[in-house]
Every structure is written in C-alpha cells, then in structure tokens.
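Engineer: Test case, fold it:
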Amino acid sequence: MVGPRTRLLVLGSFPGEASLAAGQYYAHPRNQFWPLLSALWGVDLRALPYPARLDQLCARGLGLWDVYARCRRAGSLDAAITDAELNDLAGLRRLAPGLEAVAHNGGESARHRGLAEGLGLAVWRLPSTSPANASWSFERKRAAWQAVFDAHGVG
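Structural biologist: From the prediction side, this is the model:
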C-alpha cells in the first residue's frame, strides 16, 4: 500500500493468519497497529471502514508493505517463517518516488534492513505492534513510533 506521496514505509514481515483471512493489514484484534496510529493522529482509525483507513495513511504519507512476498509458516509467529521470498523493495521506489525512509515493524522485518540501506533510505527499527511483543507498553511503543513519524512528517 504505497503511492506517489509515500514518504515513510512501514515494513512488516508477512501478514498473520487473521490478516490473510480478512485481506487487511494488521487485522488481528490484539495487534496494536491501528490503536497506535489512532493515538498518534487523534483519529479513531478502528471506527473507519478499512478502505478509509488506507486513505488516511496515504493522505499522511505513510505506506505499508511486507519484507516477504511469500513464505511458509504454521500459525502467525515470525519465528515459524521458512522458505521466505523477499519483496522487491527497489522496484517499489518507482511507485513511491518520494520515499525517504523505511520503518521496520519488529525484528524479523529489521533483519533485512540492508535492503533499504542499500537504496540510500533512512532505516528505523520500531517495536513490533504484534500481540507477541508484550515486553513494551503501549505508551513506550507510542513514543518510539511518534519519534519516527515526526522525523518524516507523517501525521
């Protein structure tokens, strides 16, 4: 989910079972992605239909994608990913000419930070919004995400 106005791209690893079933990014009800963005932007994104959520992201210069184009995984945990095929981040730049930075949503995605660095993009590692990342409080995650969004004028 990118466009010509995308400045910051949030890269996950690969959608979990709930997201794949719903055909929506971050569809697991306990994933903190949508609540986190709602808190950052002062808009209850969860109350909006999914296409309107994506419109909000596009209007603010935020894109979403995944490091992996396809993989094998039993369940939704990143640790279970095998046979992964990387997405073409270099090719994505044609769709998002204003892209200036990549923010990895969690450790599995950040393992591939060299792809974005090789393109001359700023690279950030954000704390995962996954329910599996219980070691960070919501407020601590919010502060980390806010700093990156502020650095790139996304909001």
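
Engineer: drop to CA atoms for contacts and neighbour counts, all remaining ones
Structural biologist: Noted.

Engineer: what sits up against stretch 128-141?
Structural biologist: 30-33, 36, 77, 105-107, 126-127 (Cα atoms under 8 Å, 6 or more residues apart in numbering).

Engineer: sorry, that was for stretch 90-98
Structural biologist: Here stretch 90-98 has contacts from 2-7, 99, 119, using Cα under 8 Å, 6+ apart.

Engineer: Quickly name whichever of those is closest to Arg46.
Structural biologist: Of all the contacts of stretch 90-98, Arg46 sits closest to Val2, with 20.0 Å by Cα to Cα.

Engineer: Could you look up the SS state of the closest one?
Structural biologist: Secondary structure, DSSP: H, G, I helix; E, B strand; the rest coil: Val2 is coil.

Engineer: Show me the shaky parts of this structure.
Structural biologist: Scanning the chain for pLDDT under 70 picks out the ranges 75-81.

Engineer: still on that earlier bit, out of the contacts of stretch 128-141, who's the most crowded?
Structural biologist: Asn105 (23 neighbours; other Cα atoms under 10 Å).

Engineer: Against Arg94, how distant is that one?
Structural biologist: 22 Å (Cα to Cα, to the nearest Å).

Engineer: For the helix ranked longest in the chain, buried residues please.
Structural biologist: Counting by DSSP state H, the longest helix found in the chain is helix 138-151. Neighbour counts using 16 or more other Cα atoms under 10 Å place 141-142, 145-146, 148-149 of helix 138-151 among the buried residues.

Engineer: Stretch 91-107 too?
Structural biologist: Using 16+ other Cα under 10 Å as the test for burial, stretch 91-107 gives 93, 96, 99-107.

Engineer: From the contacts of stretch 90-98, list the buried ones, please.
Structural biologist: Here, 16+ other Cα under 10 Å leaves 2-3, 5-7, 99 buried among the contacts of stretch 90-98.

Engineer: how about the strands of the protein, start to end?
Structural biologist: Applying DSSP state E to the chain gives strands spanning 8-12, 62-66, 68-72, 82-86, 101-105, 122-126.
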